[in-house]
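A.B. asks: this one's sequence-less:
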C-alpha cells in the first residue's frame, strides 16, 4: 500500500518542506537544489509504484497502471521543468520557496486527478491543482501585467469550475452516484439521457479549459505572456497532463453517447485551426507557444474520437511528446530571455546558431517536433493521432489535421529561420548556459529524435496504461 | 564480431559530424586527422570483421547485425541491418582501404583549399553512405546508401561551386542518376510485391526455392522486368549506355574525388548490386543478354571516345566508363566472380591512375590539357613509375593485375552459357576494346611523360614531384596494381606454378553457388580444350601489345606527321569521335529541349497563374486574413473572452440537446 502511494507521499513531504522553507531564510541555490532533489526522488517513487494496484477510501481513489503511467509522466515533467527553470531570473528571490510550495501542491493535485475515481474527489483534486497556479502567475519581477494575467486566469478558472460543478450535479442527478465505477456500470442505460449528456459535456468543458481548447482558451495567451517565463514553463506542461488523463478517463466512459464524438471532432478541428491562425502573426515567443498549445489541444482531441482504434494510446503518446517538446521550447526561451526581465520577442532568437549551437539545435528539433516534421517524436505522434481518427471514420478531421500541419510548419519554421540565419551582427554575447541546462537540452534533443525513430517502447507502455482503463 | 559491424559506418559518420559541424573552427591538421583516422578506424574494423569471417567454415561465412527495426507495417517488416558475407567482405575492404589512402592523399592535394573542412566532411559522408550501401542486408538499406553516395557525389562534383560549369556538372550527375534511381525504386517495388520481402537472407533462398519447386520458371516476365529495372538503376550509378553522360562531366570535382567516387568505389555500386542479385539475374537470361550487350557497347564506345580526348582526366573518365562496361560484361555472362574481381583490380589501378593524374595536375598548376605536357618523367619519377605500372595493368599485360581479371571476363564471355553465339560477339568487342584501351592509355603516358615539355615557361619552372603524403598512396596502389591480380590466377596458369588455386573463385563459391547450379542445370557443364583458352589468352595479350605499338608509332616514333594524315583521311570519323559521337547534343535536342519547353509552358500557365496565383498565394491570403480576424477576438477584455466561453458551451449544448 505504501509503495502504491509513494509518489503522493514524497510530493506531500516536498510541499511541507517548501512551506517551512518559505518561512526560513534559505539561500536561493539551496531551495532550487532541494526542488530538483525532491522531483528526482518523486520519479524514483513513480517508477517503484508503476506496476502496483490498490483501491483506497471505498473506491474513491484507485491506483492502476493508467494512473501510474501519468504519475511517471507528471513527475518526470516536474523534474525536467525544475532543472530548466533553475535560473529563476524573473522570480523575486523571496518568492522562490513559495513558488516551489505551490507547484508541489499542483503536482500533488495532478497526481490525485489521474488517480481519483469519484467525482467530488476529482473536483477537489482539480481545485488543488488549479488555485496555486492562479497565485504563482503573479510572481514576476518588474512589469505589472502579471497581476492582470493572474486575475484573468482566476476568473476564467472560476467560471470553468462552475460549469464543471454544474456538470457533476447533472451527472449525479442522472446516475444517482458520484463513483465512477458505478456510473460505468449504468452508463449503457443512459446513452440518450439528456441530463447525462449535458452533465458529461459540462464536465468536459472544464477540462477543455485546462487544455486551452478553443473557444475556452482565451486565458492562455494573456497568462503565458504575463507570467514569468519560469512559471509558464510549469504551467504549460504539467496541468495539460492531468487534463489529458481525465479527458481520456471521462471519454472512455461516455464514448457510447451518440453525437458526443462528432462535437469533439468539431472542437478539435476548430481549435487546431484557430490556434495555428492566431500563432501566425505572433512576435512574442511565449505568446506564440500559447497559441501553439491551443492548436495542439485540438490535435490531441483527435485521439478521443477513436476509443477503439488506438486513439487513446496515440493521445497518451502525444501528451508525452508534447510535454517534452514544449519543455524544450521553453528551455530555449528562458535561455534567450536575457536579464532585461521583459518579454521574449522572436528577435531575441537572432543569430542563436552563432551564440549557442546547442540551443539552436534544440530549438530546431523542438519546433520541428511541434510542427510535426520527421524524424521527431511530434511527427510520429501526429501520425498516430491522424491515422486513429481516420480509422474511426473521421476522415474529414484527419484531412483538416494534415492541412493544419502545413500552416503549423510555416509558423514554426519562421522561428527556426530567425534562429539559424539571422544576421549575427546585432547579437549579444555568447550564451553561457550552465552544465545542467546543457545536459537537459541534449537529453531533450535525443529523446525527441529517439521517439521519432523508434516509438515502439513508449507506444507499448501507453497501450498497457490504456488497457488498464477497461 | 557481428555485434561490432555497426562501427564500420559509425566511424566515418562521426568524422562527418565532427568536421561538418565544428570544422570551420578547427585547425587544418586536426581536420585531416579526424578525416583520415575515422576512415582508418573503419578500415581496421572491416579487416577484423573479414578476418573473423575467413576464420569460419566456408558454408557459415555470414556476419549479420540487426541494428533496429525500422518499420513494421502489416506484413512489411523492415530492419536496419548490416551483413558481411564473402561478396561484401571484398567490397568493404576495397571501399574502406582505398578511401583511407585517398583521404591521406587529399591532405596533400587539398592543402591550399579554403574549404578544407567542408571537403573532408563530404568525403567522410561519402564513406559512411558507401559502407551502408555495401553492408546493408536488404535492398532498402542499400538504397539509402545508394542515394547517399549520390548526394555526396553531387556535393563533391560541385565542390568548387564558384564556377557555373562545376555546379552544372554536379546537377547533371544528380539528375541523370535520378532517372536511374527511378528504375531502381520500381525494381524494388516489383520485388516486394512479387516475393514479399526485400531482405537478402530471406529473398534469395526463397527465389531459389521457388525455382526448385518449379513455381518460378526460367525467364519469367516478372523476373526480366525486375532485373531490367534494377539494371536501369545500375546504368545511372555505374555510367552505362544510355546514362553514362554524367561521368565525364563529373571530372569537374577535385581529382581525389574522381579517384575515389568516380573510379574506384561509387560507380562500381551497380556492378555490386547485380552481383548481389545474381540469383535474380541467373533466372532471367534475357535480362542478362541485354546487360552484357549494353555493357559491351559501352566498353567499346567509351574506349573509342577516349582515343581523342586531350584532357588527362577526361581520358581516364572514358576509360572508367569503358572498364565498368567490362565489369558488366562479367556479371552479364553469369561470371559474377570475374566481374567483382575486375571491380577490385580496377579499383586499384584506376585509383592509382587518377591520383597520378592529380599529381601531374598539381605540378602543372591546375592545367589538365595533355597538349601542354610532355617530358614529365624526368621531373616526377615516382608519379611516372607508378602511373606506368597502373597503365600496364589496365592495358592487360601479364602478370599485372588487369590481365587476370580482364582475361577471365573475356574467356567467360566467350563461353556465355545462355547465348553462345552472342558470347562470341561480346568476346570480340571486348578484345577489340582491350586493344583500344592499351592504345589510348599509352597515348596518355607518351603525351604526358615523354617527348619535350610543351607548356609555358612558368609551368616548366614550377614542375616538381608531389609531397610524400601524395606519393605514398601512389606507391601502395601501384604495388596493389601489380600483385592484386594474383588472387585470381586462372587454373590454366596456376597449375604450372605449383598448383596455385584461384583464390577469388574459391572464396566466392558459396555466394554464387545457387546461381552456378541453376546455370549448370540449364545448359550442362561445358568442357573446353585448354588449347583454346591458351590461344585466346595469347590473343588478348597480343592485341594489347599491338595497341601499345600503335601508340608508340603515332606519338613517339612519328609524332605529328602520321596523326595529321590520319585525321585528314578519316576526317568524318575523327570529328564524330572527337565530339563524343554527339551524344550530349543528341540528348539535348531530344530530351532536354522538349522537357525545357514543356516545363516553361507549365511554369508560365499552370504554375504561375493557377498554382501560385490561386493556390499558394490565394490560400496564403485567406490564411493571413483569417489570422487577422482571429487575432481581433483577442482584444484583452475579459468580457469578450467570457462571452466566447459561454457561447461555446451554449452552442455545444444546443447542438446536443436539440439535434437529437
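C.D. replies: Here it is on my side, so go on. What you are looking at is a predicted structure, and each value in this text was computed from that prediction instead of being measured. Numbering: from 1, shown residues only, chains lettered A, B, ... in the order given.

A.B. asks: report the contact partners of residue 364.
C.D. replies: Looking at chain A here, since you left the chain open. Residue A:364 makes contacts with A:416, A:419-420, as judged by CB atoms under 8 Å, 6 or more residues apart in numbering or on different chains. Glycine gets a C-beta too; all of them are placed from N, C-alpha and C.

A.B. asks: that's the other chain; I wanted chain B
C.D. replies: By CB under 8 Å, 6+ apart, the residues touching residue B:364 are B:372-373, B:455, B:459, B:462-463.

A.B. asks: can you turn the buried part of those into a ChimeraX selection?
C.D. replies: Here is the ChimeraX command that picks out the buried ones among the contacts of residue B:364, judged by 16 or more other CB atoms under 10 Å in any protein chain shown:
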select /B:372,373,455,459,463
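
A.B. asks: in helices only, show me the contacts of residue B:364.
C.D. replies: B:459, B:462 (DSSP state H).

A.B. asks: just the buried ones from the contacts of residue A:364?
C.D. replies: A:416, A:419-420.

A.B. asks: out of those residues, who's nearest residue A:92?
C.D. replies: Nearest to residue A:92 out of the buried ones among the contacts of residue A:364 is residue A:419 (CB to CB; 29.8 Å).

A.B. asks: checking the closest one next. Helix, strand or coil?
C.D. replies: Under DSSP: H, G, I helix; E, B strand; the rest coil, the three-state class of residue A:419 is helix.

A.B. asks: how much space between it and residue A:349?
C.D. replies: From residue A:419 across to residue A:349, the span is 4 Å (CB to CB, to the nearest Å).

A.B. asks: count of neighbours near residue A:91?
C.D. replies: The burial count assigned to residue A:91 is 21, neighbours taken as other CB atoms under 10 Å in any protein chain shown.

A.B. asks: reduced to three states, what does it come out as?
C.D. replies: coil.

A.B. asks: equivalent analysis for residue B:399, please.
C.D. replies: coil.

A.B. asks: would you agree residue B:365 falls within a helix?
C.D. replies: No. Residue B:365 sits outside any helix when classified using three-state DSSP, being coil.

A.B. asks: which stretches of the stretch 51-200 of chain A have low pLDDT?
C.D. replies: When residues are selected by pLDDT under 70, those of the stretch 51-200 of chain A lie in A:144.

A.B. asks: re earlier: which residues are in contact with both of residue A:419 and residue A:349?
C.D. replies: In contact with both residue A:419 and residue A:349: residue A:363, using CB under 8 Å, 6+ apart.

A.B. asks: grab the nearest non-local neighbour of the residue of chain A found nearest chain B.
C.D. replies: Nearest residue of chain A to chain B (CB to the nearest CB) works out as residue A:218 at 3.5 Å. The spatial neighbour of residue A:218 that comes closest, neighbours along the chain excluded (CB to CB, 6 or more residues apart in numbering or on different chains), is residue B:641 at 3.5 Å.

A.B. asks: contacting residues for the residue in chain B that chain A sits nearest to?
C.D. replies: Of all residues in chain B, the one sitting closest to chain A is residue B:641 (3.5 Å; CB to the nearest CB). By CB under 8 Å, 6+ apart, the residues touching residue B:641 are A:152, A:156, A:218-219.

A.B. asks: ditto for residue B:387
C.D. replies: With CB under 8 Å, 6+ apart, residue B:387 has these contacts: B:352-353, B:356-357, B:445, B:448-449.

A.B. asks: can you rerun that using 10 Å?
C.D. replies: Counting by CB atoms under 10 Å, 6 or more residues apart in numbering or on different chains, residue B:387 touches B:349, B:352-357, B:359-360, B:376-377, B:380, B:441, B:444-445, B:448-449, B:474, B:478.

A.B. asks: and residue B:91, by the same measure?
C.D. replies: With CB under 10 Å, 6+ apart, residue B:91 has these contacts: B:46, B:84, B:130-131, B:133-135, B:265, B:268-269, B:271-272, B:275-276, B:340, B:343-344, B:347.

A.B. asks: what's the following helix or strand after the helix or strand hosting it?
C.D. replies: Take DSSP states H and E as the rule and residue B:91 turns out to sit in helix B:86-109. The first helix or strand that comes after helix B:86-109 along the chain, using DSSP H and E, is helix B:116-135.

A.B. asks: and the angle from that following helix to helix B:86-109?
C.D. replies: Helix B:116-135 runs at 170 degrees relative to helix B:86-109, counting by axes from the mean of the first three to the mean of the last three CA atoms, to 10 degrees.
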